[in-house]
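>>> my questions concern the predicted model and sequence given below.
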Amino acid sequence: MPVLALLSALFVVGFEQLVQWRFGAAGIVGVLLLTIGVKAKSPAVSSAGAVLLAVLLAGPAL
């Protein structure tokens with residue numbers, strides 16, 4: 001069980017670093033809003049995070 005928790009924590013930290021490197025501070029805010037919304041079971045907060053990430057991803061295409 002501790003190995004699974006360690007691997008999960010490493011994946012989350014690595015993913016956050018990748019998002020910050022690629023999308024900057026706005027990407028981290030989007031990931032945090034999405035995570036907090038899912039954990040708090042708040043559709044409004046998680047939707048705001050998802051929309052922010054979607055805008056960041058679609059930005060170069062627009």
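Nice, I can see it.

>>> helices and strands around the one helix or strand V13 maps to, which ones?
Counting by DSSP states H and E, the element that carries V13 is helix 2-40. In terms of contacts (3 or more CB pairs under 8 Å, 6 or more residues apart in numbering; DSSP states H and E), helix 2-40 is packed against helix 43-58. The C-beta positions use only the backbone N, C-alpha and C, and glycine is treated the same way.

>>> how far does the helix it packs on sit from its chain's centre?
Here helix 43-58 is found 9 Å from its chain centre; the criterion is CA atoms, centre = their mean, to the nearest Å.

>>> now do stretch 53-60
For stretch 53-60, the distance to the chain centre is 13 Å (CA atoms, centre = their mean).

>>> helix or strand with the lowest mean pLDDT in the chain?
Sorting the helices and strands of the chain by mean pLDDT, DSSP states H and E puts helix 2-40 at the bottom, at a mean of 84.

>>> state the pLDDT value of G49.
pLDDT, G49: 90.

>>> again with M1
Note on M1: pLDDT of 67.

>>> before we move on, back to that, quick one, the least confident helix or strand of the chain and helix 43-58 angle?
For helix 2-40 against helix 43-58, the angle between stretch directions is 110 degrees (axes from the mean of the first three to the mean of the last three CA atoms, to 10 degrees).

>>> buried ones in helix 2-40?
Judged by neighbour count using 16 or more other CB atoms under 10 Å, the buried positions of helix 2-40 are 19, 23, 27, 29-31, 33-34, 37.

>>> and of those residues, the nearest to A54?
Nearest to A54, judged by CB to CB, of the buried residues of helix 2-40 is G30 at 8.6 Å.

>>> so that closest one sits against L57, correct?
No: G30 is beyond contact range of L57, at 9.6 Å (criterion: CB atoms under 8 Å).

>>> leaving aside the residues adjacent along the chain, what's closest to L34?
Once flanking residues are discounted, L34 sits nearest to G49: 3.2 Å by CB to CB, 6 or more residues apart in numbering.

>>> ugh, typo on my part, it should be G37
Closest residue to G37 apart from its sequence neighbours, by CB to CB, 6+ apart: S46 at 2.7 Å.

>>> so what's the most centrally placed residue in the chain up against?
With distances taken as CA atoms, centre = their mean, the residue of the chain nearest its centroid is V31 (2.1 Å). Residues counted as contacts of V31 (CB atoms under 8 Å, 6 or more residues apart in numbering) are 15-16, 19, 49, 53.

>>> no more questions from me, cheers.
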